[in-house]
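**Q** Give the three-dimensional model of this entry:
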Amino acid sequence: MNNLPESLCPDAPRSGRVKVFPAFRAHRSPGSARLREQPLLLGGKFCAEHSQSRLRHEGDVARSRKEFSDTRPNNLEYPLRLRYLWMNEWLSPNSFIVEMGCGAGFSELYLADKVFRTDVVPNPWIDASMDAERLAFRDGAVDALIISNALHHLARPVIFFREAIRVLKPGGIILIYEPFCSLLLRVILRLSKHEGYSFDLDVFAETQIATNPNDPWSGNNALSNLFFDRPERFRKNFPELQIIMDTACECLLFPLSGGVTSKVSVPELPTLVLDCIAGIDRFLTHLAPRLFALGRRTVIRKIAG
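**A** All right, here's what the predicted structure looks like:
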C-alpha cells in the first residue's frame, strides 16, 4: 500500500448515449435567484444519523470483505457483477485505470484489467490512501477513473470533477455507478435511516458542502441527479467533459442483496429467480426511472484538445 507509480505526484494541486430524466419540478427558493429542481414527492432534504440506522455493521468494509470472501452470497454477488461488468467494455488493456473510493475492493473480482485502487480510508487491499478531492497524479496521467457508489460520499464532488479534468488524458473516461434518487430510494432511505439526500444545494458551486466532510460514510444520494439529470448544465460547468452514456438501472435487486457494507437479513435466492428479478428491474427502470430506479451508470469523456 502507498507504493505510488511514476504517474503519481504527491504534491498535486488542489483544485453518446444520454437520456434526460425530466420528471422534476423547478422552483426558486425564498430569497434565492438560483433555480433548483425538486422531486414532486419527498423532495427537499432528509438527514440520517448513523446512530439511527436500521442496518448492521455500517461502514465496516473489512468485515464486509471477509464475509463476502467466506460465503459469496448469491443475492449480493449477482448485483455486484452487474455493477462492474458493464465497465469492461469501456476499459482497454495496458491503460492506467484508477478506482476512487474502492471500499471493500470488490471490483477486483469483476474487472478484467488491472486497476490502481484507492480510498480515503487506508486498508491492506488498496494501493494508496487518497482523497478524491486531491488526486495525487500528474496532469494527463490517467486513462480511466472509476468511482462506484462513492461520489455521493464526497463533501465537494465538484472538486473531484475538476481534478478528473486535470489528471485524465485527452479522450480519457470516468466510469460512474451511483444511486439514482428515485421515489423508491427516498422511501427506502427514510425507512432504513441509512443515508440521506438533499436536492436543496447547488452542486456546481465549490463553496457548497454536499456531505459531512468529517464523516467518510456520510451520504447525499441526490448527487447523481443534481449532476447528470440535465446534461447541458453539466457541460456548461465542465466544458472539457461530455456525458456519453447515462442509464438508470437496478430496482428490486438492491434491497434483496442485503446490502454491500451495511447489512440487513434477506433470504438466499437462486440465480434463476434473480435472473427473473433482473428482468423485472429492467422493465421498471425503463418504464418509470423516477419511481423505481435505484442505480445509475454514467460514462463521461474528457474531450480531446
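
**Q** ok, residues contacting stretch 273-286?
**A** With contact meaning C-beta atoms under 8 Å, 6 or more residues apart in numbering, stretch 273-286 is reached by 74-75, 78, 82, 248-253, 256, 269, 291-293. The way it works is simple: take the backbone N, C-alpha and C, and place the C-beta from them, glycine included.

**Q** Could you check which helix or strand contains residue 169?
**A** Element membership for residue 169, per DSSP states H and E: strand 168-179.

**Q** And the next helix or strand past that strand?
**A** Later in the chain than strand 168-179, the nearest helix or strand by DSSP H and E is helix 183-192.

**Q** need the strands for this protein, in chain order.
**A** 17-18, 25-28, 35-38, 45-46, 97-100, 116-119, 128-129, 142-148, 168-179, 197-198, 241-249, 295-302 (DSSP state E).

**Q** low-confidence ranges in the protein?
**A** For the chain, the stretches flagged by pLDDT under 70 are 1-37, 305.

**Q** Now the helix ranked longest in it: buried residues?
**A** Longest helix in the chain, counting residues (DSSP state H): helix 271-287. Of all the residues in helix 271-287, those buried under the rule 16 or more other C-beta atoms under 10 Å are 274, 277-278, 281, 284-285.

**Q** One more: stretch 71-84?
**A** Of the residues in stretch 71-84, those buried by neighbour count under the rule 16+ other C-beta under 10 Å are 75-80, 82-84.

**Q** next one: stretch 236-249
**A** 238, 240-243, 245-249.

**Q** Then stretch 262-270?
**A** So, applying 16+ other C-beta under 10 Å, buried residues of stretch 262-270: 262-263, 269.

**Q** Relative to the whole chain's centre, how far out is it?
**A** 22 Å (C-alpha atoms, centre = their mean, to the nearest Å).

**Q** Name the residues that touch it?
**A** Against stretch 262-270 from outside (C-beta under 8 Å, 6+ apart): 53-59, 64, 73-75, 192, 194, 255-258, 277.

**Q** Whichever of those end up buried, select them in PyMOL.
**A** Entered in PyMOL, the line below selects the buried ones among the contacts of stretch 262-270, by 16+ other C-beta under 10 Å:
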select buried, resi 53+55+58+64+75+192+194+255+256+257+258+277
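
**Q** got the buried residues of stretch 236-249 as CSV, with distance to residue 158 columns?
**A** Below are the buried residues of stretch 236-249 laid out as CSV (distance: C-beta to C-beta, whole Å):
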residue, distance to residue 158
238, 9
240, 13
241, 12
242, 17
243, 15
245, 21
246, 18
247, 23
248, 23
249, 25
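
**Q** Need the max-distance pair from those residues.
**A** For the buried residues of stretch 236-249, the farthest-apart pair by C-beta to C-beta is 240 and 249; their separation is 26.6 Å.

**Q** Out of the buried residues of stretch 236-249, which comes closest to residue 94?
**A** Closest approach to residue 94 among these (C-beta to C-beta): residue 245, at 23.0 Å.

**Q** Can you give me the distance of that closest one to residue 80?
**A** Separation of residue 245 from residue 80 (C-beta to C-beta, to the nearest Å): 20 Å.

**Q** that older thread, nearest to residue 168 among the buried residues of helix 271-287?
**A** residue 285 (28.9 Å).

**Q** List the single closest residue to the closest one in space, sequence neighbours excluded.
**A** Distance criterion C-beta to C-beta, 6 or more residues apart in numbering; nearest residue to residue 285, sequence neighbours excluded, is residue 293 at 4.3 Å.

**Q** Got phi/psi on the one you found?
**A** The phi/psi pair for residue 293 (degrees, to the nearest 10) reads phi -70, psi 140.

**Q** again, but for residue 260
**A** Dihedral pair for residue 260: phi -80, psi -50, per degrees, to the nearest 10.

**Q** which residues touch it?
**A** By C-beta under 8 Å, 6+ apart, the contact set of residue 260 is 64, 76, 80, 103-104, 106, 149.

**Q** returning to what we had before: which of the buried residues of helix 271-287 lies closest to residue 140?
**A** Taking the buried residues of helix 271-287 together and measuring to residue 140 by C-beta to C-beta, the closest member is residue 285, at 35.9 Å.

**Q** Relative to residue 274, how far out is residue 253?
**A** 7 Å.

**Q** anything in contact with each of these two?
**A** Residues touching both residue 253 and residue 274 (C-beta under 8 Å, 6+ apart) are residue 78.

**Q** The nearest residue to residue 48 once chain neighbours are set aside - how many residues pack around it?
**A** Once flanking residues are discounted, residue 48 sits nearest to residue 196: 4.3 Å by C-beta to C-beta, 6+ apart. Neighbour count of residue 196, defined by other C-beta atoms under 10 Å: 21.

**Q** now do residue 174
**A** 24.
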